[in-house]
Each structure stands twice: as C-alpha cells, then as structure tokens.
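S.K.: Let me see the structure of the following:
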Amino acid sequence: MLIVCTVLATAAPALRGFYASRRTDDAGAQLLALVQFARSQAAAEGRVYRLNLDLSGNTYWLTAQGVTSFEHLSTEFGRTFTLPDGTSVELEGVGTRPGGSYISFYPTGLTEAAVIRLTGVLGRVVEVACQSPTEGFAISTSPTGGKR
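M.R.: Here you go, the predicted structure:
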C-alpha cells in the first residue's frame, strides 16, 4: 500500500499538467471545428459568416449575415464559447474593428488570413491559423511558450 501511495503521489502533478494542456488542445480543436463550419456554411448559404472573439472575456461565437446586421445562430454553433481558465488568446492579422474582433468567411469560399494563438496555463501553445484567403484553417501545437 505504501508503494502504491508513493507512486500516485509522484504521478499526480504530471497528470494535472496533462489535464491542463488537454484543455488548451480541446479549445483549439473546438475553434477549428467552428471555423470549418463557418466556411462551409458561408459557401452553402451564400452569406457571410463571422467568428467573433472577445479577447477581454476570453469568449467566442459565430454569427451570420442577416438582412440588416449579423445575427447569432439559432443552433449549438451559435452559442457563446468560453476558453478554459488560465488560457490567453492572441490574434494576428485581425484588427479591432467596429463591432469587435472577428474573422469573416465569405460565400466564395475565401476567408481572412489570421492566426488565433491560445496559450495554456503551463505554456503550451495551440495555433489555429489560415495563411492565405484561399486556404482553410489548420491547427498546430507547441509544448512550450513562445511565438513561432
């Protein structure tokens, strides 16, 4: 019993770190799913979709172009998502504009080139990035902090 307790006591901190990095990876995967959905729906419906990002609140959500303004979606994809505690977000290629920070997806299949960088509690970096308007978004990870 003493051996089992000793092994568990030494493994617990490593497992805690694993869980924290998994939460950042999961948030990146969720963002990737949303941008892929937005891009395909924009082309299918012939209207502009936006991934909206609130950097101060660490939240994000999708909207679609309505008759007079952008409207929240009435599906699960339209709800407001929150990043895990301790996760910070940085944007590249996306300026703050009237209406906040957002990435647009157009009916032509084009999107705005951008990088969404999530940094987890332990410094793990997950990037959801689109290098050019004709490419799709892809995900990449780095085990430690720092920009690539």
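S.K.: helix, strand or coil for the most centrally placed residue in the chain?
M.R.: Most central in the chain under CA atoms, centre = their mean is L31, positioned 3.3 Å from the mean C-alpha point. Following DSSP: H, G, I helix; E, B strand; the rest coil, L31 is assigned to helix.
S.K.: List the residues that contact it.
M.R.: 51, 60, 116, 118, 128 (CB atoms under 8 Å, 6 or more residues apart in numbering). All C-beta atoms are positioned from the backbone trio N, CA, C, and that covers glycine.
S.K.: if you set the cut-off to 10 Å instead, what comes out?
M.R.: Residues near L31 by CB atoms under 10 Å, 6 or more residues apart in numbering: 51, 53, 60, 81, 83, 89, 116, 118, 126-128, 137, 139.
S.K.: what does D54 give?
M.R.: 60-61, 80, 82, 89, 100-102.
S.K.: just the strands in this structure please.
M.R.: Ranges of strands within the chain are 49-54, 59-65, 70-72, 81-82, 88-92, 101-105, 114-119, 125-130, 138-142, based on DSSP state E.
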